[in-house]
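**Student:** model the structure of this input:
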Amino acid sequence: MTSRRNVLAKGLVAGAASLAAPAVLAQAAPIKWRLQTYAGPALGAEVIKPCIDAFNEIAKGQMEIELFYGDQLVPTAELFRALQKGTIDAVQSDDDSMASPTEVTVFGGYFPLALRYSLDVPALFNNWGLNEIWGEEYAKVGVKHISAGSWDPCNFATKKPVNTLADLQGQRIFTFPTAGRFLSRFGVVPVTVPWEDVQVALQTGELDGIAWSGITEDYTSGWAEVTGNFLTNNISGAWIGHFFANMESWNKVPPHLQQLIRVCFDSSHYYRQHWYWNGEAYLRIFKDKMKLTTIPDAEWATVQVEAEKFWEEIAAESELKAKVVGIIKKYNETMVKAGPPYRYG
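**Tutor:** Model (predicted):
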């Protein structure tokens, strides 16, 4: 009996040691990701750094995400290719400015007048089927679509005040590709410069203004000082931004860490919801670097009409684009029928 107990004891000790070994190995060789955001350091400190810091703390050495800001590793326009190749493991960006070659790219960033409020974004993705569409489209090109969230609206910040649509004629505006394509209907000249060069381009006269963000980013990024005028009419009530990962990198992450990534990235989406919602109102009222102007409702209504024409043009380009446009139209019709607080007027 004594011998049998000794054998059993030794077996239990050996078994426990073998079971413990993988955990020791996991701690010795953590998974490491490089993630680049489109945002510069000042903005990135608000919209992504807290969630990356939280992830790294909770992961406790099993995985580490190294954060890089806009253009630090690759130019924003090359983010998709770098992600697809695995040069970087993950990206925070919209589809449009990172030039992703998918059917849904045109809807990223600011699809004109398709969204009224920031809550429209998670509603559409989580309840109206857009998550599934984005997931399928990116999987085709070797990229994992992790999640989508809303950012700020898209307003004009200009050096000269804008009081009518005619004031936009000939203005050289830094904006997103799809937004620029739409705004050219009103005489806007879309100009592309690296994000970090925007402030200098405004100072030198290369740019007359921007249609890139709401007032929160104008103040956070230092653009309020070099524009001075803010048009309260916006061409979109929210920017659609996403987290993406290289598919091979994603598949190497164990399920519990994939879930932690999702949870932490969702916390980033939630933070932006209230940070921008509060900032857009607070800065208009309590800060004075930017003079507020408004195009009258009757004149701005013509922009909505043009936007709906633009939607139809996009829908005619492919069956999938028509499907997404159809969802956006049906969603907006539903919100109008629901009335306040979903839609006013």
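**Student:** quick one: the helices in the protein?
**Tutor:** 2-28, 41-47, 49-59, 79-85, 120-127, 130-139, 177-183, 198-204, 215-220, 224-227, 247-251, 255-286, 297-315, 319-338 (DSSP state H).
**Student:** most packed of these?
**Tutor:** Comparing these by mean neighbour count (mean count of other Cβ atoms under 10 Å), helix 215-220 comes out on top with a mean of 24. Bear in mind the C-beta positions are built from the backbone N, C-alpha and C, glycine included.
**Student:** could I get the average pLDDT for it?
**Tutor:** Here helix 215-220 scores 97 as its mean pLDDT.
**Student:** is it correct that A322 is in contact with E313?
**Tutor:** No. In this structure, A322 is not within contact of E313 by Cβ atoms under 8 Å, at 11.0 Å.
**Student:** make a markdown table from the helices of the chain and add distance to N163 to it.
**Tutor:** Shown next, in a markdown table, are the helices of the chain (distance: least, Cβ to Cβ, whole Å):
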| stretch | distance to N163 |
| --- | --- |
| helix 2-28 | 61 |
| helix 41-47 | 29 |
| helix 49-59 | 38 |
| helix 79-85 | 37 |
| helix 120-127 | 28 |
| helix 130-139 | 36 |
| helix 177-183 | 17 |
| helix 198-204 | 20 |
| helix 215-220 | 18 |
| helix 224-227 | 15 |
| helix 247-251 | 49 |
| helix 255-286 | 17 |
| helix 297-315 | 10 |
| helix 319-338 | 28 |
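**Student:** just give the number of residues close to the closest residue to Q304 other than its chain neighbours.
**Tutor:** Distances taken as Cβ to Cβ, 6 or more residues apart in numbering place L113 nearest to Q304, at 5.5 Å, with adjacent residues excluded. By other Cβ atoms under 10 Å, 23 other residues sit near L113.
**Student:** the one 3 residues further on too?
**Tutor:** Around R116 there are 18 other residues, counting by other Cβ under 10 Å.
**Student:** T76 contacts S93, correct?
**Tutor:** Yes. Between T76 and S93 there is a contact under Cβ under 8 Å: 7.0 Å.
**Student:** which one of these two has more residues nearby?
**Tutor:** More crowded of T76 and S93, by other Cβ under 10 Å: S93, with 24 against 21.
**Student:** give the contact list for the more buried one.
**Tutor:** Neighbouring residues of S93 by Cβ atoms under 8 Å, 6 or more residues apart in numbering: T37, Y38, T76, L79, G241, H242, F244.
**Student:** quick check, central residue of the chain?
**Tutor:** When Cα atoms, centre = their mean is applied to the chain, the residue found nearest the centroid is G241 (1.7 Å).
**Student:** my read: that one touches A148, true?
**Tutor:** Yes. Using Cβ under 8 Å, G241 is in contact with A148, at 7.1 Å.
**Student:** tell me which of the helices of the chain sits nearest to Q169.
**Tutor:** In terms of Cβ to Cβ, the element of the helices of the chain nearest to Q169 is helix 177-183, at 11.1 Å.
**Student:** just for this structure, where's the confidence low?
**Tutor:** Along the chain, segments meeting pLDDT under 70 span 1-28, 345.
**Student:** closest to D152 among the contacts of S93?
**Tutor:** Using Cβ to Cβ, G241 comes nearest to D152 of the contacts of S93, at 9.9 Å.
**Student:** how many residues are close by the closest residue to A99 other than its chain neighbours?
**Tutor:** Take A99 and drop its neighbours on the chain: the residue closest to it by Cβ to Cβ, 6+ apart is A77, 5.3 Å away. By other Cβ under 10 Å, 15 other residues sit near A77.
**Student:** look up how far S100 lies from A77.
**Tutor:** With distances taken as Cβ to Cβ, to the nearest Å, A77 is found 11 Å from S100.
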